[in-house]
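> Prediction below, plus the sequence it came from.
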Amino acid sequence: MKEIKKIACIGAGYVGGPTMSVIAQKNPHIQVTVVDLNQERIDDWNTTDLSQLPIYEPGLDDVVKEARGRNLFFSTDVEGAIDEADMIFISVNTPTKTYGKGKGQAADLKYIELCARQIAKVAKGDKIVVEKSTLPVRTAAALKSILDDTGNGVNFDILSNPEFLAEGTAVADLHHPDRVLIGGENEEAIQSLVQIYEAWVPRERILTTNLWSSELSKLVANAFLAQRVSSINAISELCEATGANVDEVSRAIGHDSRIGPKFLKASVGFGGSCFQKDILNLVYIARSYNLTAVADYWEQVIILNDHQKLRFAERIIQTMYNTVNGKKIAFLGWAFKKDTNDTRESAAIYVADHLLDEEAQLVVYDPKVTAEQIYRDLDYLKTRSSADNRRLVTVVNDPYEALIDAHAVAVLTEWDEFRKYDWMEIKQMMKKPSFVFDGRKLLDAKLLRQLNFEYYAIGE
Ligand code: NAD
Ligand code: UGA
């Protein structure tokens, strides 16, 4: 078996950065270099002030502190890192295509292909190439063909090693994974990667499969998780119509060991960079094999999620006497979930967009998201001019500034701190009647009703 002395990882994003930091932390004898084309991102990974790392993840600063400069390096020298490495992880972004065939559904593999061509060009010795990015099933065949056809006659072994970490808990997920999945054809290459994970993951949690099962399992895992959220969100609407309480329903069904308690929290809709993208990708693949019933089935997960976001916005408008024009609505939270500064596909963006169409005045507070990011998210939709987004949306660093004189509060992200606010004081500050729309069922409903808030939560 080939002993791995040097690893390169292309892509220093939400996956490449934390994953490689933990691999380096647990394998001090292996040199790990994470490379990216984005100079600013690399500079941020090299910052001496660890609170300024490009990604906010609890515990990540300690891991980086331990390994960086010892056997963990961040650099923009992509070719240098490829040249030196025995094993190369590809951890670049694989967004949904925004053009051409498969637009709006298929994964855009242009970044993956660029990596493959660069590896082929630079490699002068045998390499193990590991797919860390989430990819359509059978991408390894395309990678292999590019590497072999454009390379310098060296041998490439391809492995699929999808990542299952969730943002906000990335370090804990990496330290204690439910499983590590490695797909491949060459047993020796597989064992080289198994050995790296064995430094801290119990052997029985390291699963090995063929390439296609591994690639497909990643898409299927995300589809199943998202499906659970859409399922409980569908039930939340039924709860609102019938007088049942969705948290009580979740608790009741979650006690069935066959169903289990996790991922049954009703919400304003799932966000994040991957659930929607990966399901769309699955739908696209199914359609490309003419499996229409399969594609339609999974597409419903997305349709329901879009419905949930719109429904929440509509609920706000209807409850506030069918007009939010000129009304100040405080948004608590913008990130797609707590404990992350990531806003990709966050439900907050779409709820805000709908309310802005009605000329609401939004004041947004999120403990980790910057004003620039919030405006970028809204501008990206191209629903209205950037000047209009700035006219209608204010971003503040102090939550109480958002709440003063607000007609309504909308909770979009389940940050713990929102629960701890002085809601009695907030009641004094807000306009009357004071509406609270809790898209996360986060706040103390009983207390808020006692304080005479008009309190509405998803699913009750
Ligand atoms: P990201 O956008 O945060 O990071 C990708 C990085 O790759 C960027 O910094 C970009 O500059 C860099 N890059 C792109 N092309 C490059 C090239 N040719 N050379 C060097 N650098 C290049 O993306 P991410 O969230 O880390 O996701 C990466 C992959 O992992 C995706 O396929 C995603 O589906 C998957 N994934 C993400 C998560 C998550 O929680 N974000 C979890 C599991 C899997
Ligand atoms: C998800 C998966 O959980 C990871 O295993 C996977 O690696 C990752 O996608 C990926 O491939 O990118 P992530 O998107 O970071 O991780 O976060 P989740 O905790 O899964 O939450 C996703 C969304 O669902 C969030 O908006 C969250 O608020 C929402 N959610 C989750 C609910 O509304 N209810 C729940 O019960 C759980």
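All right, it came through fine. Note that the coordinates shown come from a computational prediction; the quantities given were computed from them, not determined experimentally. Ligands and ions are numbered 1, 2, ... in the order given.

> so, in contact with ligand 2 or not, the helix ranked longest in the chain?
Counting residues, the longest helix found in the chain (DSSP state H) is helix 211-242. Yes. Helix 211-242 lies within reach of ligand 2 by CB under 6 Å from any ligand atom, at 222, 225, 229. (Each C-beta comes from the backbone N, C-alpha and C, glycine too.)

> Count the residues that sit near the closest residue to the last one other than its chain neighbours.
Closest residue in space to Val229, ignoring its immediate chain neighbours: Phe270 at 4.6 Å, by CB to CB, 6 or more residues apart in numbering. Using other CB atoms under 10 Å, Phe270 has 25 other residues around it.

> Next: the one 10 residues further on.
The local packing of Leu280 (other CB under 10 Å) involves 20 other residues.

> where's it, which helix or strand?
For Leu280, the host element (DSSP states H and E) is helix 275-288.

> What are the buried residues along that helix?
Residues of helix 275-288 classed as buried: 275-287 (neighbour count, 16 or more other CB atoms under 10 Å).

> what does stretch 378-385 give?
Judged by neighbour count (16+ other CB under 10 Å), stretch 378-385 contains these buried residues: Leu378.

> Now do the end-to-end distance for that stretch.
Chord length of stretch 378-385, first to last residue, is 9 Å (CA to CA, to the nearest Å).

> Give me the residues contacting that stretch.
The list of residues contacting stretch 378-385 from outside it, by CB atoms under 8 Å, 6 or more residues apart in numbering, reads 349, 352-353, 356-357, 386, 389, 393.

> Just the buried residues from these, in ChimeraX please.
To isolate in ChimeraX the members of the contacts of stretch 378-385 that are buried, counting by 16+ other CB under 10 Å, one can use:
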select :349,352,353,356,389,393
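
> what is the mean pLDDT for the longest helix of the chain?
What helix 211-242 shows for mean pLDDT is 98.

> hang on, Thr319 packs against Pro433?
No. When contacts are counted by CB atoms under 8 Å, Thr319 is not listed as touching Pro433 (9.8 Å).

> rewinding a little: next, the buried residues of the longest helix of the chain.
By neighbour count, with 16+ other CB under 10 Å as the criterion, the buried positions of helix 211-242 are 211, 214-223, 225-237, 239-240.

> same thing with stretch 354-365?
By neighbour count, with 16+ other CB under 10 Å as the criterion, the buried positions of stretch 354-365 are 354-356, 358, 360-365.

> related to what we said a few turns ago, list the residues that contact both of Thr319 and Pro433?
Taking CB under 8 Å, 6+ apart as the contact definition, Thr319 and Pro433 share the neighbouring residues Glu454.

> Give me the contact list for stretch 386-394.
With CB under 8 Å, 6+ apart as the test, stretch 386-394 has contacts from 352, 356, 359-364, 374-375, 378-379.

> go on, stretch 276-295?
Everything outside stretch 276-295 that qualifies as a contact, by CB under 8 Å, 6+ apart, is 94-96, 102, 104-107, 134, 136-137, 218-220, 222-223, 226, 270, 298-299, 301-302, 305, 345.

> Of those residues, just the buried ones, ChimeraX syntax please.
Buried members of these, defined by 16+ other CB under 10 Å, are picked up in ChimeraX with:
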select :94,96,102,105,106,107,134,136,137,218,219,220,222,223,226,270,298,299,301,302,305,345
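
> Counting only helices, which of the contacts of stretch 276-295 make the cut?
For those, secondary structure assignment (DSSP H) places 218-220, 222-223, 226, 298-299, 301-302, 305 in helices.

> from memory Leu219 sits against Thr134, does it?
Yes. Counting by CB under 8 Å, Leu219 touches Thr134, with 6.9 Å between them.

> quick one: what helix or strand has Ile128 in it?
Once you assign secondary structure using DSSP H and E, Ile128 falls within strand 127-131.

> right, is the helix or strand just after that strand up against ligand 1?
Read in the C-terminal direction, the helix or strand following strand 127-131 is helix 139-150, with elements assigned using DSSP H and E. No. Contact check for helix 139-150 against ligand 1, using CB under 6 Å from any ligand atom: none in range, with a minimum separation of 10.5 Å.

> sorry, back to before: now the buried residues of helix 275-288 in JSON lines, with distance to ligand 1?
As requested, those are exported to JSON lines (distance: CB to the nearest ligand atom, whole Å):
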{"residue": "Phe275", "distance to ligand 1": "10"}
{"residue": "Gln276", "distance to ligand 1": "11"}
{"residue": "Lys277", "distance to ligand 1": "7"}
{"residue": "Asp278", "distance to ligand 1": "7"}
{"residue": "Ile279", "distance to ligand 1": "12"}
{"residue": "Leu280", "distance to ligand 1": "12"}
{"residue": "Asn281", "distance to ligand 1": "9"}
{"residue": "Leu282", "distance to ligand 1": "13"}
{"residue": "Val283", "distance to ligand 1": "16"}
{"residue": "Tyr284", "distance to ligand 1": "15"}
{"residue": "Ile285", "distance to ligand 1": "15"}
{"residue": "Ala286", "distance to ligand 1": "18"}
{"residue": "Arg287", "distance to ligand 1": "20"}
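
> Residue numbers of the stretch 1-150 of the chain in contact with ligand 1?
Contact residues of the stretch 1-150 of the chain with respect to ligand 1, defined by CB under 6 Å from any ligand atom, are listed as 10-16, 35-38, 41, 78, 91-94, 111, 114-115, 133-134.

> Make a PyMOL selection of the buried ones in those residues.
To isolate the buried subset of those in PyMOL, counting by 16+ other CB under 10 Å, use the following:
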select buried, resi 10+11+12+13+14+15+16+35+36+41+78+91+92+93+94+111+115+133+134
